[in-house]
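Enquirer: I need the structure of the sequence given here:
(2 chains)
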Amino acid sequence: MNASQGTRTCPTTGLPVCLDAQRFIKLNAVCAVVFLLIGGIGALLLALTRWQTVHLLPVDWFYRILTLHGLNMLIFWILFFEVAILYFACTSLLKCKLASTKAAWVSFLMMLTGAIMVDVTIMVGQADVMMTSYLPLLAHPAFYLGIILVAVGTLIGVINYFATLYQAKKQKTYTGSVPLVVFGATAAAIIAVVTLLHGAIAIIPTFMHSMGWIAQPDPIWYRMTWWGLGHMSQQVNVCAMVSVWYLLGALTTGAKPLNETVCRGAFVLYILFINLASAHHLLVDPAISAGWKIWNTSYAMYLAVLASMIHGFTVPASIEVAMRLKGYGRGLFGWLTSAPWRNPGFSAFFLSLVIFGFGGGITGVTLGTQQINIIAHNTLRIPGHFHVTVVGGTTLAFMGLAFYVVPLIFQREYIFKPLARLQPYLFGLGITVMAMGMSFAGSMGVARRSWDIEATGSIYGPAAHLFLGLVGIGGVLAFLGLLLFILLTVGTLIFGRSNAGQPMENWGTPKALVVAPEPREVPGTPLPVGGATGLAVAEAHPTQGTMILALVFLLSFAVYYFANWKALADAWPVR
Amino acid sequence: MSHMSRSSIECPAPDWFQAPTGNERTWIGLALCWCLVMSLMMPYWHFKGKQNSTGEAYAVKPADFTRRTEQFIQANTGTATLLEDGIAPEVAAPPGEVYLIAKQYFWFPILKLRAGETYRLHVSSVDFQHGFSLQPMNMNFQVVPGYDHVLTIKPQAPGVYPIVCNEFCGIGHQNMVGKIIVE
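Expert: Got it, this is the predicted structure:
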């Protein structure tokens, strides 16, 4: 730290905390949680409407709340929280101060103004167009203007992040390469720039059209460009989530990346190969050729899939190695059973990893296969997929991080800790049940974004009702988990004991049973390189448990994937 | 792999650039092979499989598509039925070109097809985007105004097959259910 003024040293981690950054981390995190609550109330109302037996909302409010839910959850909650993560990564982890306070204010106020404009426009009934706002559906101009403000505000926050990286490099606040978490956050920030530019290209002409200044843009052009925003923004979430996995792995078990090159290489694959995966929203569109669809689905998407499969291995493997080094090495899975499951930071992160991989990853790649998409497009299978990526995956990981952000940045100890320890399980269970209900109902043909599946008579049969009931029950459980998270967090901000100047109370981290055999770094000692040394180290750091889990994953993936080809083969021939 | 690895929130050791080893290397190899298998499945199915979305489509103005559909109905039923009447007539058509309009909130007309025959189903919208979702086979295609989307289909078994709209198209979206009858 060049200047200690305007910073404090975290008594828990020893990391410097830039006070300007801390203010904006707090502001962005609080707004994120408020939008999470708005979106969450929407989620409850929607789940209780799609549960046909309850069928709560009237038709107009169903579509209105659906639009509200999508934007608040997928855009506002996530973007505000991601800006907070970026500000943390570029300051504390690089021992640097935030580049510009003014830019941070402009970014924050633009995002907040935009988000409020969007929410108000939706609630007064001027934007019943769903999150995707597919042309020729048209909302009030304030809706598009609000989205543009949020996007530009986020872009300014991201530029502030890059400026801080530049400043840290110039002031030499760190030596060598940036930490892995910063690398992952930077990958997320780079993808965010490309995402937001796509958003601008899609939404600005649409805004101008809504003002009557220009003719209507072409609907297929809009779909292709909008998904450059819609899909890529989800990859920002994946990148941020994986960074949070590495971060929480380090905080809760002392895990260290096995191989930095592999982890970083996987992030680079995300940057290079995710954009074209936006194609998997256009797989049954007219005027887009099979060649284009196949090429853009497989060549690009599967390298991004490879990246996720790599992280899906390296993250638990690093936990396994850390636990074994601490002496929890019994059998294949002793490291896993002795993991700190009562620590909500750990349980949220590990559940997020499992739900994202087994639930979201397998379904996503399968549904995004060009021909299989024919039996999935716009059915409930699609939200069934993305609720286990962005909710069971990203949101749950972010909740886990909050259990550390609040004590470390807001310097308040969580109230009702036993409830906090339960929260990730409740939320994870609820969202998994809900997503499974959606997926099964969707497999039977039930459409997404529909107020009533029987408005004109029975189409799907009683089993569909059973699965929609699961959507309702899972939705209620997930909402209770979300509400618990918000009550605990907001309650802590108001009533929590201040821990300023002291280390935070430990949620529970595994104590070392043995002295770690890891050799200490001695200056002047030659560094071991590759070859036999590398292999010897690999054997000394066994990861068999993770390998077994990874093989179970691969088997599940293959079974689900080929079962879907079989289901497709039963449909009518079509070209 | 460096045995002097550091945590993911610290700067890595200077020798961090190393090839993967052990299980990690094996897993990367396995994952890459699996990704290649999935990549090859799509071109394979394109040539050998029977269900594909080729995206065959032609630019068309909604008014022109409406006229073509109305002419198609008249040619096959002998009576003029207009889209603006809002009632979908049943149309038995010989194998070949058949037409289907998506409009808030109905499908026009009700096509009567024969099992085992091949049809070129032209489907387009005259207002908003709609979703063509044929049940219970659960076959789904996007319907976009301005685009005459041609689906070359071969119905398999006699029956009545509902067409559900599965792209949100307005407040009455859930009522937009049509049907195809196969004899």
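Enquirer: CA only for contacts and neighbour counts going forward, please
Expert: Noted.
Enquirer: in terms of secondary structure, what does the host helix or strand of A:Met111 contact?
Expert: Using DSSP states H and E, A:Met111 sits in helix A:101-123. On a contact count with 3 or more C-alpha pairs under 8 Å, 6 or more residues apart in numbering or on different chains; DSSP states H and E, helix A:101-123 meets helix A:19-50, helix A:59-70, helix A:141-170.
Enquirer: recalculate using a threshold of 7 Å.
Expert: Helix A:101-123 is packed against helix A:59-70, helix A:141-170, with contacts defined by 3 or more C-alpha pairs under 7 Å, 6 or more residues apart in numbering or on different chains; DSSP states H and E.
Enquirer: report the angle between it and helix A:59-70.
Expert: 160 degrees (axes from the mean of the first three to the mean of the last three C-alpha atoms, to 10 degrees).
Enquirer: returning to what we had before: output the helices and strands packed on helix A:101-123 as a markdown table; include the columns distance to B:Met137.
Expert: Listed next are the helices and strands packed on helix A:101-123 as a markdown table, based on distance: least, C-alpha to C-alpha, whole Å:
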| stretch | distance to B:Met137 |
| --- | --- |
| helix A:59-70 | 27 |
| helix A:141-170 | 37 |
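Enquirer: OK, contacts around the residue nearest the centre of chain B?
Expert: What sits nearest the mean C-alpha location of chain B, by C-alpha atoms, centre = their mean, is B:Phe141, with 1.9 Å. Contact analysis of B:Phe141 by C-alpha atoms under 7 Å, 6 or more residues apart in numbering or on different chains lists A:Val284, A:Asp285, A:Ile374, B:Gly131, B:Phe132, B:Ser133.
Enquirer: nearest residue to the last one other than its sequence neighbours?
Expert: Pointing back at B:Ser133 there. Sequence neighbours aside, B:Asn140 is the residue nearest to B:Ser133 in space, at 4.4 Å (criterion: C-alpha to C-alpha, 6 or more residues apart in numbering or on different chains).
Enquirer: do the same with the first one
Expert: Counting by C-alpha to C-alpha, 6+ apart, the nearest residue to A:Val284 once its immediate chain neighbours are dropped is B:Phe141, at 5.1 Å.
Enquirer: now the one you found. Its backbone dihedrals?
Expert: phi -140, psi 150 (degrees, to the nearest 10).
Enquirer: distance check, it against A:Pro219.
Expert: 15 Å (C-alpha to C-alpha, to the nearest Å).
Enquirer: residues in a beta bridge with B:Ile163, which ones?
Expert: When bridges are taken as DSSP bridges, the partners of B:Ile163 come out as B:Leu134, B:Gly178.
Enquirer: ends of stretch A:68-77, how far apart?
Expert: Termini of stretch A:68-77 sit 12 Å apart (C-alpha to C-alpha).
Enquirer: got the buried residues for that stretch?
Expert: By neighbour count on 16 or more other C-alpha atoms under 10 Å in any protein chain shown, the buried set for stretch A:68-77 is A:Leu68, A:His69, A:Gly70, A:Leu71, A:Asn72, A:Met73, A:Leu74, A:Ile75, A:Phe76, A:Trp77.
Enquirer: what's the farthest-apart pair in those?
Expert: Farthest-apart pair in the buried residues of stretch A:68-77 is A:Leu68 and A:Trp77; separation 12.0 Å (C-alpha to C-alpha).
Enquirer: please see if stretch A:258-265 touches chain B.
Expert: Yes: for stretch A:258-265, a contact with chain B is found by C-alpha under 7 Å from any C-alpha of the partner chain, at A:Leu258, A:Asn259, A:Glu260, A:Thr261, A:Val262.
Enquirer: just checking, the fourth one touches B:Asp15?
Expert: No: applying C-alpha atoms under 7 Å as the test, A:Thr261 and B:Asp15 come out as separate, 10.0 Å apart.
Enquirer: dump the helices and strands packed on helix A:101-123 to a markdown table, plus mean pLDDT.
Expert: Below are the helices and strands packed on helix A:101-123 laid out as a markdown table (pLDDT from 0 to 100):
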| stretch | mean pLDDT |
| --- | --- |
| helix A:59-70 | 97 |
| helix A:141-170 | 96 |
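Enquirer: tell me which of those helices lies nearest to B:Asn76.
Expert: helix A:59-70 (38.0 Å).
Enquirer: quick one: contacts of the helix or strand just after that closest one?
Expert: Sequence order places helix A:78-91 as the next helix or strand after helix A:59-70, per DSSP H and E. For helix A:78-91, contacts defined as C-alpha under 7 Å, 6+ apart pick out A:18, A:21, A:24-25, A:28-29, A:31-32, A:97-98, A:157, A:161, A:164-165, A:182, A:185.
Enquirer: just the buried ones from those?
Expert: Buried members of these, counted by 16+ other C-alpha under 10 Å: A:18, A:21, A:24-25, A:28-29, A:31-32, A:97-98, A:157, A:161, A:164-165, A:182, A:185.
Enquirer: the residue minimising distance to the centre of chain A and chain B: what is the separation?
Expert: What sits nearest the mean C-alpha location of chain A, by C-alpha atoms, centre = their mean, is A:Thr394, with 2.7 Å. Distance, A:Thr394 to chain B, using C-alpha to the nearest C-alpha, to the nearest Å: 19 Å.
Enquirer: nearest residue to that residue other than its sequence neighbours?
Expert: By the measure of C-alpha to C-alpha, 6+ apart, the closest residue to A:Thr394 outside its immediate chain neighbours is A:Met241, 5.2 Å from it.
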